[in-house]
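Visitor: Sequence plus predicted model, see below.
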Amino acid sequence: MADDSDSVASSGMMSEDEMFASSSSASAGTCQGQPEQPSTSGMEAEEKPSFTCRKMKLKDEKTCGVCGDKALGYNFNAITCESCKAFFRRNALKDKSMVCLFDNKCVVDLRTRRFCPACRIRKCYSIGMNRDMILDDSERRKRMSKVMANRARKGSSTMLTSPIAVQIKSEVDTTDSVMIPQESFHHITEVTRPPTPYGKPHGNSSDIIFKHVPKESLPTDRNMYHQLSSTDKCLLSDITEAYRSTLAAMPEMGPYSIEKEYQKASDLINHSEVVVRKLIMFVKHLEDFKHLTQEDQIAALKACVMNTLLLRSALFYNIEKDAWLTPKGEIPTSILKNATGFVSLHNNHVYYCRRVKSMALEDLNLYALLQALIIFDPAGFNVTGREFISSIQDRYIILLKHYLESVFSYDYAKDYYVSALDRLCDLKVLSEEHAKILLQVNPVDVEPLMLEVLNLK
DNA sequence: ATAGCCTTGATG
DNA sequence: CATCAAGGCTAT
C-alpha cells in the first residue's frame, strides 16, 4: 500500500522541489541508533539490550509538510500533523471563499498556521494532499453502515452479559405491582384543574409557578378545541396506561426508614434501580421502541435515565410538604442535600419539580408524553439512528401539541406547549448537574444494572 | 473553526 | 496482531 501511494504520488503531478524530503529514512526501520542513554529504561534485558533501536521506533519523528508540527503519518496522501489533516478534511471540499488577504505568500508554520487558511490550504495541495481521498457522502455512509453492522454483530454477543439487555429481554414483569398511588390518576380529559393558580404558598417563587388559564376563560366553542383522532387517542392512552403501571410500588419492598436508607449518594443510586426497571418495562410497551436496534435501545435507555428520574420526581413532588410522595412513603427533598452535600443542586432540583408540577399537576397524559419525548431524544449519546429516533420523537411532539389543544383550546394550548418543552430543556442542565453525583460514588457500592445504565466503572 | 484524541476497517 | 489512515467527537 505504502509503495503504491508513494509511486503514485511521485510519478503523479508532484513538482518534487518542496516535498517532504526529510525523515523518509525513518521508515526504513534501520534506525541508525543514536547511542543516547545506554541506560535505556531498564525493563527486562531480553534480546540485545545493547541496541537501542527498539526505542527509536516510538521517537521516530515525522514532521508535518504543511506546518512543521509533529506528524504521525500520511493523511490524504501527504505526511501531516493531526490538525492539518483535520483542516484539510474540513476545507478542501468547499474551497471557494478562501482568499488570502495578502500576496498568497504567507508563511505557514506551527504558530502561523491559523492566520491564513487560504495559504494553508494552498500549501496542503502543494505538498501533495489529495482531495479525492476525502470520502464523499455516499462513501461515508457506506463506511458508517459497515461500522453499524459490525457493532450490531458484536453487540449481540455482548448482550448476554448486559444487565440492561437481560432486563429488556426478560418476559417477566419484575415490576408487577399492587398498590396504585393516591386515588389513581386521571384519564384523558378528566383532569381536575384548580380554578386559581396552583399552590403559591409563600408567593416568593411566583416565577417558578406556572400560571394556569382560569377555567372560565376557556372558550366554550367546541370548534376552538382540537379533536383527537382515534389513532391519537389510542396512542395516548397506550402510553399513559404504560406509564401508570410504572408508578406503583414494588411489592417486595417493605416499610423502611428514610433516614437510614438515604445516607450515601450510592444509596440514592441504588434506590433508583427500581425506577430503571420500571422504565424498561415502560419502553417495552412502546411499539416504537421495539423498532430500534438493540444497541440503540440500550443507548437510548442509558441516555434518558437521569431525565426519567427527574421527571418522575416532579410527578411525585408535593409542593406543600416539599417532599416526594412515593408509593413507598413520603421522602423529604432534604435527603438530596444530605446524601450528596450539593446544596445548589438540591435547590435547582426542587425548582424544577415545582415548575413541572405546577404546570402538569396530576395529568398523567402529560407526564407520559414527556417521558416519551425523553426516551426518543435524538440527542442521546451513542445513538446511531438519530434521524430515525428523531422522526419517532416528532410524532410525540405533535401528539403533545394536539392533546394540549384538545384540552385547553387553540387559544391557550401554546402556553402549555411552550412550558412543557421548556421543562425538557431544563432537564439537560439539571441532569448534567446530577451527573456530578456519580463522580463521588464508589462503583463498588453500586448495583450492576445501575453501573451499566449510568456508564460507571 | 480548530485541534487533539478516539474508534475502526483494511492491510500486511 | 500491529500499523495505517479514514471519520467522529468534543473541549477550547
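Guide: Arrived safely, thanks for sending. Residues are numbered from 1 along each chain as shown, chains lettered A, B, ... in the order given.
Visitor: Residue A:70 contacts residue A:80, correct?
Guide: No - checked against C-beta atoms under 8 Å, the pair residue A:70 and residue A:80 is beyond contact range at 10.3 Å. All C-beta spots, glycine's among them, are computed from the backbone N, C-alpha and C.
Visitor: And those two? Which one has more around it.
Guide: The neighbour comparison of residue A:70 against residue A:80 (other C-beta atoms under 10 Å) goes to residue A:80, with 29 against 11.
Visitor: That one bridge partners, please.
Guide: residue A:73 (DSSP bridges).
Visitor: from what I can see it touches residue A:64, true?
Guide: Yes - between residue A:80 and residue A:64 there is a contact at 4.7 Å, judged by C-beta under 8 Å.
Visitor: So for these two, which residues contact both of them?
Guide: residue A:71 (C-beta atoms under 8 Å, 6 or more residues apart in numbering).
Visitor: Let me know how buried residue A:396 is, in neighbour terms.
Guide: 24.
Visitor: For it, list the residues it contacts.
Guide: A:369, A:372-373, A:376.
Visitor: can you pick the most crowded of these?
Guide: Scoring the contacts of residue A:396 on neighbours with other C-beta under 10 Å, the highest-scoring entry is residue A:372 at 28 neighbours.
Visitor: element containing the residue lying closest to that residue once chain neighbours are set aside, please.
Guide: Closest residue to residue A:372 apart from its sequence neighbours, by C-beta to C-beta, 6 or more residues apart in numbering: residue A:396 at 4.5 Å. Element membership for residue A:396, per DSSP states H and E: helix A:386-439.
Visitor: Quickly check: that helix near DNA strand C or not.
Guide: No - judged by C-beta under 7 Å from any atom of the strand, helix A:386-439 and DNA strand C are separated, with a smallest distance of 8.3 Å.
Visitor: Can you name the next helix or strand after that helix?
Guide: helix A:448-453.
Visitor: May I see the buried residues of that next one?
Guide: Neighbour counts over helix A:448-453 (16 or more other C-beta atoms under 10 Å) mark A:449-450, A:452-453 as buried.
Visitor: Check those and tell me the two furthest apart.
Guide: A:450 and A:452 (7.4 Å; C-beta to C-beta).
Visitor: Pull up the residues of the stretch 51-200 of chain A that are close to DNA strand B.
Guide: Residues of the stretch 51-200 of chain A lying close to DNA strand B by C-beta under 7 Å from any atom of the strand are A:69, A:81-84, A:86-87, A:90-91, A:113-114, A:117, A:143, A:146-147, A:150-151.
Visitor: how about 6 Å then?
Guide: Where the stretch 51-200 of chain A comes near DNA strand B, counting by C-beta under 6 Å from any atom of the strand, the residues are A:81-83, A:86-87, A:90-91, A:113-114, A:117, A:146-147, A:150-151.
Visitor: Selection in ChimeraX covering whichever of these are buried, please.
Guide: This is the ChimeraX syntax for the buried subset of these, where burial follows 16+ other C-beta under 10 Å:
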select /A:81,83,87,91,113,117
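Visitor: Which of the residues of the stretch 51-200 of chain A next to DNA strand B fall within helices?
Guide: Those of those mapping onto helices are A:82-83, A:86-87, A:90-91, A:117, A:146-147, A:150-151, per DSSP state H.
Visitor: In CSV: those, plus pLDDT.
Guide: Shown next, in CSV, are those (pLDDT from 0 to 100):
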residue, pLDDT
A:82, 96
A:83, 97
A:86, 97
A:87, 96
A:90, 94
A:91, 94
A:117, 95
A:146, 87
A:147, 86
A:150, 83
A:151, 76
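Visitor: of the residues of the stretch 51-200 of chain A next to DNA strand B, closest to residue A:328?
Guide: Distance to residue A:328 across those (C-beta to C-beta) is lowest for residue A:151, with 38.8 Å.
Visitor: Nearest spatial neighbour of residue A:115, chain-adjacent residues omitted?
Guide: residue A:106 (6.6 Å).
Visitor: What residues does that neighbour make contact with?
Guide: A:100, A:112, A:115-116, A:118-120.
Visitor: Residue A:397 too?
Guide: Contacts here follow C-beta under 8 Å, 6+ apart; on that basis residue A:397 touches residue A:373.
Visitor: give me the number of residues near residue A:115?
Guide: If we define neighbours as other C-beta under 10 Å, then residue A:115 has 15 of them.
Visitor: circling back: can you lay out the buried residues of helix A:448-453 as JSON lines showing distance to residue A:435 and pLDDT?
Guide: Shown next, in JSON lines, are those (distance: C-beta to C-beta, whole Å; pLDDT from 0 to 100):
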{"residue": "A:449", "distance to residue A:435": "18", "pLDDT": "84"}
{"residue": "A:450", "distance to residue A:435": "13", "pLDDT": "86"}
{"residue": "A:452", "distance to residue A:435": "16", "pLDDT": "82"}
{"residue": "A:453", "distance to residue A:435": "13", "pLDDT": "86"}
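Visitor: could I get those residues as JSON lines with distance to DNA strand B?
Guide: Formatted as JSON lines, the buried residues of helix A:448-453 follow (distance: C-beta to the nearest atom of the strand, whole Å):
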{"residue": "A:449", "distance to DNA strand B": "23"}
{"residue": "A:450", "distance to DNA strand B": "22"}
{"residue": "A:452", "distance to DNA strand B": "17"}
{"residue": "A:453", "distance to DNA strand B": "19"}
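Visitor: low pLDDT regions in the stretch 251-400 of chain A?
Guide: Applying pLDDT under 70 to the stretch 251-400 of chain A flags the ranges A:251-260, A:381-383.
Visitor: what ranges do the strands span in it?
Guide: With DSSP state E, counting those that start in this stretch as the criterion, the stretch 251-400 of chain A has strands at A:317-318, A:323-326, A:329-332.
Visitor: Once you drop chain neighbours, what's closest to residue A:302?
Guide: In space, residue A:302 is closest to residue A:453, 5.7 Å off (C-beta to C-beta, 6+ apart).
Visitor: so the one you found sits right up against residue A:299, yeah?
Guide: No - the criterion here is C-beta under 8 Å, and residue A:453 misses it with residue A:299 at 11.0 Å.
Visitor: Looking at the stretch 151-300 of chain A, what residue ends up closest to DNA strand B?
Guide: Nearest residue of the stretch 151-300 of chain A to DNA strand B: residue A:151, at 5.8 Å (C-beta to the nearest atom of the strand).
Visitor: That residue touches residue A:384, doesn't it?
Guide: Yes - Residue A:151 is in contact with residue A:384 according to C-beta under 8 Å; the separation is 7.4 Å.
Visitor: joint contacts of the two?
Guide: Common neighbours of residue A:151 and residue A:384 (C-beta under 8 Å, 6+ apart) are residue A:295.
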